[in-house]
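S.K.: please find the sequence and the predicted model below.
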Amino acid sequence: MAETCPREAIRTSLAAIYDVSSYIEETFLQAGQRLGRGQAIFQELNHDLAALASGMSGTEIEQASSAVRDIANRLDRLAQALPAETALLGRLRQSAAEAAGQLRTLFKHVQTISIIARSARIEAASLEGDRDNFLAFTRQAHEIAGSVKQLLDACARDQALLAKAVEAALDRQSDFDQRYRTQLLATGKELIAAYSVMHERRGNSLKLAESAGGSTQKIAQAVARSIISLQAGDSTRQRLEHIRWGLELAGRERGVTDPESRHDLATLPTLLCRLQSMQLDDAKRELQNDTAAILHALSSILSDATGVIGQGRSLYGDQGDDAVSVLARTKQVLAQASTLIATCERAGTSVDDALLTVEELLGRFRVAVAALLEAVLDITLIGMNASLKAGHLGSRGSAFVVIANELRATADLVAAGAGRLKTALEVIETLALELRALRLEGEPAQLAGLEPAILDAINGVESGNARLGTIVDRLIREGAEFEELMGSVRQLISHLDESTAKLSSVAAQLNASSVSAQGALPTASDQAAFDDALGRYTMEREREVHRRFLSSFGLVASAPPQDVDEVEADDGVLLF
């Protein structure tokens with residue numbers, strides 16, 4: 001009769017397996033809870049970072065940076081236009097001076113006409129018979145000269161107003177140009193630089209937020225896979241339960257007196273011990289493979305988590321105090337720009353007033369020139385009539401003919417002067433139109449209207465930065481918690497390897513205790529017990545070990561009875 005597997009070996013094996021099974025169950029329960037918490041952490045952070053990346057993709061900071069760029073470009077154009085405006089005002093002053101010179105010449109010609117009219121009156125008094133006709137001529141000439149003088153007096157007053165307005169605008173504009181143009185250029189450049197920084201930060205923030213979001217999603221998925229891998233703990237626990245059942249069967253009392261039956265009973269426990277030894281060795285190897293895979297996955301997760309936290313710190317540093325200082329400086333520059341714009345508006349008021357004065361006076365000048373040319377025509381006609389009448393008098397009218405010709409010649413000089421005055425006024429009108437176009441292009445009021453939009457956009461950026469800071473704080477804080485959780489899971493799994501090492505010694509003990517069964521063959525009653533064990537298995541791996549054990553005796557395992565649900569649920573790896 002073969003020696004049976006010692007009861008003491010079975011008892012100690014059962015106790016050791018029970019301890020390991022309980023420890024596996026507790027370890028994987030704790031690991032699952034901690035991994036679940038880690039998965040929840042990164043799922044929330046992934047959601048927040050994705051939302052933030054979407055929020056920063058084109059609205060707040062882009063509006064602010066575009067508005068800042070717009071006002072900077074306009075400030076630059078305003079600064080570049082200042083010399084042109086000053087030059088135009090200088091030319092206006094010069095043209096106004098030329099118009100004043102033409103008016104002075106016209107005054108002289110009109111005075112000449114008045115003198116000629118008086119001389120004609122004296123000469124007419126000496127003409128007997130036609131005295132009244134010639135006196136009427138001189139009176140008409142004198143009256144026309146008087147009206148022309150009044151017209152020129154009005155033009156002179158208007159020209160003085162024009163010159164005064166242009167001079168005041170030029171003084172104010174020159175002073176502003178000298179004092180503030182450099183500031184305008186510097187402010188525009190600083191705002192352009194601020195735009196570049198804000199635009200760059202928007203791109204960096206978006207990239208980092210998307211990168212961090214992608215990393216957290218990757219980590220969350222990896223954690224989820226690790227949680228699934230923890231099912232290895234449950235499959236090992238089930239295999240250990242099946243091994244315990246087999247050992248309990250091996251150690252069960254059986255009251256049989258037949259010698260042959262006693263031999264069978266003596267062989268079966270020993271064979272069962274040997275079978276469970278094989279199952280233990282295989283379960284231990286599978287558990288080691290699973291835990292190694294889990295530890296590798298956890299190492300990768302920890303590495304990725306460290307990278308995400310580093311990205312978070314980078315993101316926070318890129319958008320933290322430094323970003324606040326950039327925004328604060330941009331606000332300061334905008335305040336400076338606002339002051340410059342207000343000063344520019346005040347300086348521009350005198351230019352606008354001068355333009356209004358020029359435009360108004362040009363209309364009056366045009367009317368005056370037209371009237372002056374009509375008066376010249378009248379004087380010319382009067383002179384021609386007087387010359388013809390004096391010609392009929394012969395030698396008595398020769399002096400009057402000379403006077404009439406002088407009057408006509410002076411009238412021609414007035415006409416020429418009026419033409420030159422008209423030309424000077426046209427130059428003034430052209431310069432005024434050019435200056436008006438420059439003023440409309442750099443309208444300070446339009447710049448001032450941009451400020452509220454810019455400040456609103458910057459406030460939106462500050463709000464976005466605050467939200468980003470909150471999320472990154474969470475990323476760093478909860479990332480540290482995640483690292484701690486993953487570290488504790490690694491310790492649990494690592495300790496599990498140490499604790500399950502005793503399974504190898506249990507398997508070795510069982511195998512040693514069943515050495516006496518070498519050469520023994522399972523009987524028919526043994527085959528029934530093995531088939532019963534095969535029916536209890538829930539994993540294909542167990543069945544494979546079982547079949548390998550039987551094949552060493554030249555036996556083939558009977559197919560275990562399974563219902564439809566069990567067959568459909570079997571994925572070839574584990575069943576629940």
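M.R.: Good, I have the coordinates.
S.K.: hmm, L280 and T236 touching each other?
M.R.: No. Assessed by Cβ atoms under 8 Å, T236 is found out of contact with L280, at 10.6 Å. Backbone N, C-alpha and C define where each C-beta goes, glycine included.
S.K.: the longest helix along the chain: what's the following helix or strand?
M.R.: When the chain is parsed with DSSP state H, its longest helix is helix 131-229. Per DSSP states H and E, helix 131-229 leads on to helix 231-250 as the next helix or strand towards the C-terminus.
S.K.: give me the distance from that following helix to the chain's centre.
M.R.: 59 Å (Cα atoms, centre = their mean, to the nearest Å).
S.K.: show me what that helix is in contact with.
M.R.: 5, 10, 13-14, 17-18, 20-21, 24-25, 27-28, 31, 268-270, 272-273, 275-276, 279-280, 283, 286-287, 290-291, 294, 510, 529, 533, 536-539, 541-542, 573-574, 576 (Cβ atoms under 8 Å, 6 or more residues apart in numbering).
S.K.: could I have the PyMOL command that selects the buried members from the residues you listed?
M.R.: Here is the PyMOL command that selects only those of these that count as buried (16 or more other Cβ atoms under 10 Å):
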select buried, resi 5+10+13+14+17+20+21+24+27+28+31+268+269+270+272+273+275+276+279+280+283+286+287+290+291+294+510+529+533+537+538+539+541+542+574
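S.K.: now, which of the contacts of helix 231-250 lie within helices?
M.R.: Residues of the contacts of helix 231-250 located in helices (DSSP H): 10, 13-14, 17-18, 20-21, 24-25, 27-28, 31, 268-270, 272-273, 275-276, 279-280, 283, 286-287, 290-291, 294, 510, 529, 533, 536, 541-542.
S.K.: which strands and helices sit next to the longest helix of the chain?
M.R.: Where contact means 3 or more Cβ pairs under 8 Å, 6 or more residues apart in numbering; DSSP states H and E, helix 131-229 is packed against helix 7-55, helix 60-125, helix 259-319, helix 321-392, helix 398-441, helix 444-499.
S.K.: with respect to S525, which of these lies nearest?
M.R.: Smallest distance to S525 across these (Cβ to Cβ): 5.5 Å, for helix 259-319.
S.K.: before we move on, the earlier item: so the longest helix of the chain versus helix 398-441, what angle?
M.R.: Between helix 131-229 and helix 398-441, the angle formed by their directions is 10 degrees, by axes from the mean of the first three to the mean of the last three Cα atoms, to 10 degrees.
S.K.: and helix 131-229, what's its mean pLDDT?
M.R.: In this model, helix 131-229 has a mean pLDDT of 77.
S.K.: that helix versus helix 7-55: what angle between them?
M.R.: Interaxial angle of helix 131-229 relative to helix 7-55 (the same axes, to 10 degrees): 170 degrees.
S.K.: quick one: work out the angle between helix 131-229 and helix 60-125.
M.R.: 180 degrees.
S.K.: quick one: helix 131-229 to helix 321-392, angle?
M.R.: 160 degrees.
S.K.: and helix 131-229, how far out from the chain's middle?
M.R.: Mean-position distance between helix 131-229 and its chain equals 28 Å (Cα atoms, centre = their mean).
S.K.: repeat for stretch 481-495
M.R.: 39 Å.
S.K.: which residues outside that stretch are in contact with it?
M.R.: Contacts with stretch 481-495, where a contact means Cβ under 8 Å, 6+ apart, come from 27, 30-31, 34-35, 37-38, 41-42, 291, 294-295, 298-299, 301-302, 305-306, 309.
S.K.: using CSV, write out every CA atom in it.
M.R.: Provided in CSV are the C-alpha atoms of stretch 481-495 (Å, rounded to 0.1, in the frame of the first residue of the first chain):
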residue,chain,number,x,y,z
GLU,A,481,-1.9,62.7,-4.0
PHE,A,482,-1.9,60.5,-7.1
GLU,A,483,1.8,59.9,-6.8
GLU,A,484,1.3,58.9,-3.2
LEU,A,485,-1.5,56.6,-4.1
MET,A,486,0.4,54.9,-6.9
GLY,A,487,3.4,54.6,-4.7
SER,A,488,1.3,52.8,-2.0
VAL,A,489,-0.2,50.5,-4.7
ARG,A,490,3.3,49.6,-5.8
GLN,A,491,4.3,48.8,-2.2
LEU,A,492,1.2,46.6,-1.8
ILE,A,493,1.9,44.7,-5.0
SER,A,494,5.6,44.4,-4.1
HIS,A,495,4.8,43.1,-0.7
